[in-house]
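Student: the following comprises the amino acid sequence and a computationally predicted model.
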Amino acid sequence: MRIIGIDPGLARMGFGVVQMTPKQLVPIKYGCIQTDLNLSVSSRLKRVYENLQEILEIHQPSHFAIEKLFFNKNTRTALSVGEARGVALLAASVAGLCVFEYTPLQVKMSVAGYGKATKKQVCYMVKAILQLNTSPNLDDTTDALAVAICHAQNTISKKLTGI
């Protein structure tokens, strides 16, 4: 099974494609879709959509996992992230993918074993689980890979328990 994990954002949308094999998770492609802050919001959303469509077309994931939004302070940031998240969900729908959503707490719990894990702890575990030589350059990329790992582990648990 091939999974794409998404960490939604308008300035930077992290993505991570992993292949689930019987023995391990293999990283296929990961990075960030970045948008120019000088462009209009609609142009930036279009760029996110087109880039994500291309990634989905090239890497052909069978599962699309995305982080749910959780903001308690900055409403403006929440709005732009929500718009970018909507575009990502649209790209998944157009590609015919089922969408799986996870809260930040679920992702941290799955990857680091602790729901209040720090960014550094999550990064360490992502690097270890995927056997990466170096950590991803941006937190957004690490978070997207963590979402993909979370979905893989959730899928394994469901198969083992029959739920």
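Tutor: Yes, it's here. This one's a predicted model, so the numbers in the text were calculated from it and none came from an experiment. Numbering: from 1, shown residues only.
Student: shaky segments in the protein?
Tutor: Scanning the chain for pLDDT under 70 picks out 71-73, 157, 159-163.
Student: swap the cut-off to 80 and go again
Tutor: Under the criterion pLDDT under 80, the flagged ranges of the chain are 70-77, 156-163.
Student: so where's the longest helix in it?
Tutor: As assigned by DSSP state H, the longest helix anywhere in the chain is helix 139-161.
Student: do a quick rundown of the strands in this structure.
Tutor: In the chain, the strands defined using DSSP state E lie at 2-7, 12-20, 25-34, 63-67, 98-102.
Student: on that earlier part again, the longest helix of the chain vs strand 98-102, what angle?
Tutor: Here helix 139-161 runs at an angle of 100 degrees relative to strand 98-102 (axes from the mean of the first three to the mean of the last three CA atoms, to 10 degrees).
Student: report all helices and strands that helix 139-161 contacts.
Tutor: strand 2-7, strand 12-20, strand 25-34, strand 63-67, strand 98-102, helix 104-112, helix 119-129 (3 or more CB pairs under 8 Å, 6 or more residues apart in numbering; DSSP states H and E). For the C-beta atoms, the positions are set from N, CA and C on the backbone; glycine is no exception.
Student: which positions within that helix qualify as buried?
Tutor: Using 16 or more other CB atoms under 10 Å as the test for burial, helix 139-161 gives 139-153, 155.
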